[in-house]
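*Asks:* sequence and predicted structure below; questions after.
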Amino acid sequence: MVRTFWWQSLGVLLLSASGSGVLSAQGTGYPALSQAQELRLAMSAGPLTVSQHADVYVMGSNGFEKVVTGRNGWACLVERSASNQAQLAPHCLNPAAEKTVLPAFLLEARLQARGWDGDKISDELKRQFQAGDIPLPAGPAYAYMLSKGQRLGRDGGNFKPHFMLYVPYASNASIGGDPQRQQFPFVGPYENHPLSTIVIIMDEFVDPASVALPSQ
């Protein structure tokens, strides 16, 4: 999916999590993570009271694979971008977003695993949204992106902890938002798109090191 990020690079943030068994099937160019690192990163996307009981996905050879089955209807995963392979974008999706946003994320990852580039993936996602093959966000659907281990800038830096409400085809003009005035809600990282979100900046990161890994 092609994304024009307004996140500013603040310097590379090193992951503090440890673990063995690097997931070699994440795709050429993506940062290599062990499964333990990816679990911690994914679960640090949301408040720990939520993410410790959520479904958790990691990237495998054919896209995302569920490795933890939760009990609260939420889903946590680390999204990648074919257009910016330095990026690691931990999301924690609420139950409505698990039903209506996660299908697009899973499709995007499958296409990345097949070697599709960002433009081709973007076109295919839009085609499937228009055809009704994947749902538009509804619910209300929202996600947390609170991880201190996020890598969202162009050069692999981080942004800020934030909350995203999915509002298909939203624009800053429609809500009076301005990405340069981030003390107020604004639309990002892109506008007029099926996966447009209203972004609300939050106060605190969640550290991946504070995540208690589930027994497997």
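*Replies:* Yep, it's here.
*Asks:* rest of the way, CA atoms for contacts and neighbours
*Replies:* Will do.
*Asks:* show me what the lengthiest helix in the chain is packed up against.
*Replies:* For the chain, the helix with the greatest residue count under DSSP state H is helix 118-131. When contacts are defined as 3 or more Cα pairs under 8 Å, 6 or more residues apart in numbering; DSSP states H and E, helix 118-131 sits against helix 102-113.
*Asks:* could you pull out the strands for the protein?
*Replies:* 55-60, 63-68, 75-79, 89-93, 142-145, 162-166, 186-188, 197-201 (DSSP state E).
*Asks:* quick one: low-confidence parts of this protein?
*Replies:* 1-29, 154-156, 216 (pLDDT under 70).
*Asks:* hmm, 90 instead?
*Replies:* Within the chain, the set of residues satisfying pLDDT under 90 comprises 1-32, 83-86, 152-158, 189-190, 214-216.
*Asks:* and the angle from the longest helix of the chain to helix 102-113?
*Replies:* On the basis of axes from the mean of the first three to the mean of the last three Cα atoms, to 10 degrees, helix 118-131 is oriented at 150 degrees to helix 102-113.
*Asks:* buried residues in helix 118-131?
*Replies:* 118, 121-122, 124-126, 129 (16 or more other Cα atoms under 10 Å).
*Asks:* put together JSON lines for the strands of the chain, with distance to residue 99 on each row.
*Replies:* Below are the strands of the chain laid out as JSON lines (distance: least, Cα to Cα, whole Å):
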{"stretch": "strand 55-60", "distance to residue 99": "12"}
{"stretch": "strand 63-68", "distance to residue 99": "15"}
{"stretch": "strand 75-79", "distance to residue 99": "10"}
{"stretch": "strand 89-93", "distance to residue 99": "9"}
{"stretch": "strand 142-145", "distance to residue 99": "11"}
{"stretch": "strand 162-166", "distance to residue 99": "12"}
{"stretch": "strand 186-188", "distance to residue 99": "21"}
{"stretch": "strand 197-201", "distance to residue 99": "16"}
